[in-house]
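> Sequence first, predicted model second:
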Amino acid sequence: MEFDIVGPEAIRDGRATDAYFDRTETTLRHAERNPHVVAEITADQFPDGEYELLAGVKDVAALLEGRNVDVDAIPSGRLFDGGPVMRIEGDYLEFARLETSILGFLSHASGVATTALDVRRAAPDSLVLSFGARHVHPSIAAMIERSALIAGLDGFSHVAGGEVLGRDAGGTMPHALVICFGRGKQEAAWQAFDEAVGEDVPRVALCDTYSDETDEALRAATALGDRLDSVRLDTTGSRRGDFRHIVKEVRWTLDAHGREDVDVFVSGGLGPENLRALRDVADGFGVGGYVSNADPVDFALDLVEVDGELAAKRGKLTGAKSVYRTPDGGHHVGLRGRDGPEGGEPLLEPLLRDGEVVDGVELGIDAAAERAARDAERCAYGAE
């Protein structure tokens, strides 16, 4: 039996589409009608003060490459708030049936990147890793991890996702490993792990499987000695009580026994509020469902010009637009060709010309992450 996965060929060929685009293409070809259009992709028409982080641009560029279109886009890793994040110009049938995939690429990745930025800003000085791939269909794991990295998270757990991205996945041990050695034999599990894995793997002992977190943390420090890098607390919610107190108690106990060198890493059902509450007592976090289960951004693609004439459906703004970052970190939307705000930075940049990626366009993860960090500071994203 095959997995229920729509493959890359179907996406590139335009078969990963909504049926009404099939009908539209059939109708327009029958009518010998294929106008030159300007299409814009937007979530909100006007700024409302709620920034979101753009991701997915690389995949859209890959899909539209080789097609006779010009594309301008806000680069991945920049914050947006109203107006277009992407503009496509060309004959409509050149890209009409690709709309479903284009919106999917941008909507889902931007939603994940935005929630990842939430947790990044909640603990800006802590190690934060993406642990959420287990909550989504495995075919999109690389998108989850890429979006998390764009937002500034420090790493991720999914092996195949890392292979796609050219990055190494991280991780140590699950409760299942400890349980396989039996109750009361946690030391045997920690020591076997230390003996088995490569020297490049951090020695992080999971310390909440059978016993009190403080007890297991001290036992792990004794069993592994100076080889222990961190302990991880992944305590089930029903057993946590005052989790901040538990983390502080573990830290105190390790310090009291001369193990200030051992970090405390926390995971399990965490979100921004948890990170803000624990960032001064924990050294790092693994965040799962809050990031991976993000709601997609509700992007839409609308025609705003047809054969040089202004056009838009009711409720949408007609005409091609420009968007700007204002000197105070705000967001401004205006008609293309009109003067922008004084000192405003245009956000839409050339992405494709005649179906070819423009020279100098940087679609990599590191460049996007740098943009996200700069924009978050400039726009005071997540400021308390």
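Right, received. Where do you want to start?
> Please count neighbours and contacts with C-alpha atoms only from this point.
OK.
> Spatially, what comes nearest to His175 if we skip its sequence neighbours?
Closest residue to His175 apart from its sequence neighbours, by Cα to Cα, 6 or more residues apart in numbering: Thr209 at 6.2 Å.
> Same question for Ala369.
Leaving aside its chain neighbours, Ala369 sits nearest to Ile150 (4.3 Å; criterion: Cα to Cα, 6+ apart).
> and the one you found, how many neighbours does it have?
32 (other Cα atoms under 10 Å).
> Quick check: it vs Arg29, distance?
41 Å (Cα to Cα, to the nearest Å).
> ditto for Ala116
From Ala116 to Arg29 the distance is 43 Å (Cα to Cα).
> what does Ala383 give?
52 Å.
> Ile246 now?
From Ile246 over to Arg29 the distance is 67 Å, taken as Cα to Cα.
> for the protein, which spans come out with low pLDDT?
The chain contains residues with pLDDT under 70 at 384.
> per-domain residue ranges of it.
Using automatic domain parsing, the domain parsing of the chain gives 8-112+295-378, 171-292.
> which residues touch the residue nearest to Ala369?
Taking Cα atoms under 8 Å, 6 or more residues apart in numbering, we find Ile150 in contact with 55, 76-77, 113, 365-366, 368-369, 372.
> Could you do His257 as well?
With contact set as Cα under 8 Å, 6+ apart, His257 has no partners.
> So it versus Arg239, what's the distance?
For His257, the distance to Arg239 (Cα to Cα) stands at 25 Å.
> And Asp18, by the same measure?
Taken as Cα to Cα, the span from Asp18 to Arg239 is 46 Å.
> Who has more neighbours out of those two?
Asp18 (14 against 8).
> Does that one touch Leu98 like I think?
No - Asp18 lies out of contact with Leu98 (Cα atoms under 8 Å); the separation is 9.1 Å.
> Pick out the residue nearest the middle of this structure.
Centroid-nearest residue in the chain, with Cα atoms, centre = their mean: Ser147, separated by 2.4 Å.
> Any idea how far the host helix or strand of that one is from the middle of the chain?
Secondary structure from DSSP states H and E places Ser147 in helix 141-150. A distance of 5 Å separates the centroid of the chain from that of helix 141-150, by Cα atoms, centre = their mean, to the nearest Å.
> list the helices and strands whichever helix in the chain runs longest packs on?
Selection of the longest helix in the chain by residue count, based on DSSP state H, yields helix 99-122. Packing contacts for helix 99-122, counted by 3 or more Cα pairs under 8 Å, 6 or more residues apart in numbering; DSSP states H and E, involve strand 52-53, helix 57-64, helix 141-150, helix 272-278, helix 289-292, strand 300-306.
> got the buried residues for stretch 348-362?
By 16 or more other Cα atoms under 10 Å, the buried positions in stretch 348-362 come out as 348-357.
> How far does that stretch stretch from one end to the other?
14 Å.
> give the contact list for the closest residue to Gly288 other than its chain neighbours.
Leaving aside its sequence neighbours, Gly288 sits nearest to Gly132 (Cα to Cα, 6+ apart; 3.5 Å). By Cα under 8 Å, 6+ apart, the contact list for Gly132 reads 144, 287-293.
> ok, which stretches of the protein are helices?
In the chain, the segments counted as helices under DSSP H are 8-13, 19-30, 57-64, 99-122, 141-150, 159-165, 175-181, 186-196, 213-224, 243-256, 272-278, 289-292, 365-378.
> And for the shortest one, what's in contact with it?
For helix 289-292, contacts defined as Cα under 8 Å, 6+ apart pick out 112-113, 115-116, 130-133, 135-136, 144, 148, 269-271.
> Would you check that Asp72 makes contact with Leu352?
Yes - contact criterion Cα under 8 Å: Asp72 and Leu352 qualify, at 6.9 Å.
> Can you tell me how far the closest residue to Arg219 other than its chain neighbours is from Thr172?
Take Arg219 and drop its neighbours on the chain: the residue closest to it by Cα to Cα, 6+ apart is Glu187, 7.3 Å away. Per Cα to Cα, Glu187 is found 15 Å from Thr172.
> These two: which is more packed in?
Legend: neighbour count by other Cα under 10 Å for Glu187 and Thr172, higher for Glu187 (19 against 15).
> thinking that one is in contact with Leu218, fair?
No - between Glu187 and Leu218 there is no contact under Cα under 8 Å: 10.8 Å.
> Using neighbour counts, pick out the buried residues of stretch 113-128.
Within stretch 113-128, the residues that qualify as buried are 113-123, 126-128, counting by 16+ other Cα under 10 Å.
> Identify the residues contacting the residue nearest to the centre of the chain.
Residues in contact with Ser147 (Cα under 8 Å, 6+ apart) are 55-56, 109-110, 112-113, 116.
> do Glu260 as well
Contacts of Glu260 by Cα under 8 Å, 6+ apart are Leu254.
> Equivalent analysis for Gly269, please.
237, 287-290.
> now, of the helices of the chain, which is deepest in the fold?
helix 141-150 (a mean of 28; mean count of other Cα atoms under 10 Å).
> That helix relative to helix 365-378, how many degrees between them?
Calculated by axes from the mean of the first three to the mean of the last three Cα atoms, to 10 degrees, helix 141-150 forms an angle of 50 degrees with helix 365-378.
> C-alpha coordinates for helix 141-150, PDB please?
C-alpha atoms of helix 141-150 as PDB (Å, rounded to 0.1, in the frame of the first residue of the first chain):
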ATOM      1  CA  ALA A 141       8.300  17.600   8.400                       C
ATOM      2  CA  ALA A 142      11.000  19.500   6.400                       C
ATOM      3  CA  MET A 143       8.700  22.500   6.000                       C
ATOM      4  CA  ILE A 144       8.000  22.500   9.800                       C
ATOM      5  CA  GLU A 145      11.700  22.400  10.600                       C
ATOM      6  CA  ARG A 146      12.700  25.000   7.900                       C
ATOM      7  CA  SER A 147      10.000  27.400   9.200                       C
ATOM      8  CA  ALA A 148      11.200  27.000  12.800                       C
ATOM      9  CA  LEU A 149      14.800  27.700  11.800                       C
ATOM     10  CA  ILE A 150      13.700  30.800   9.800                       C
END
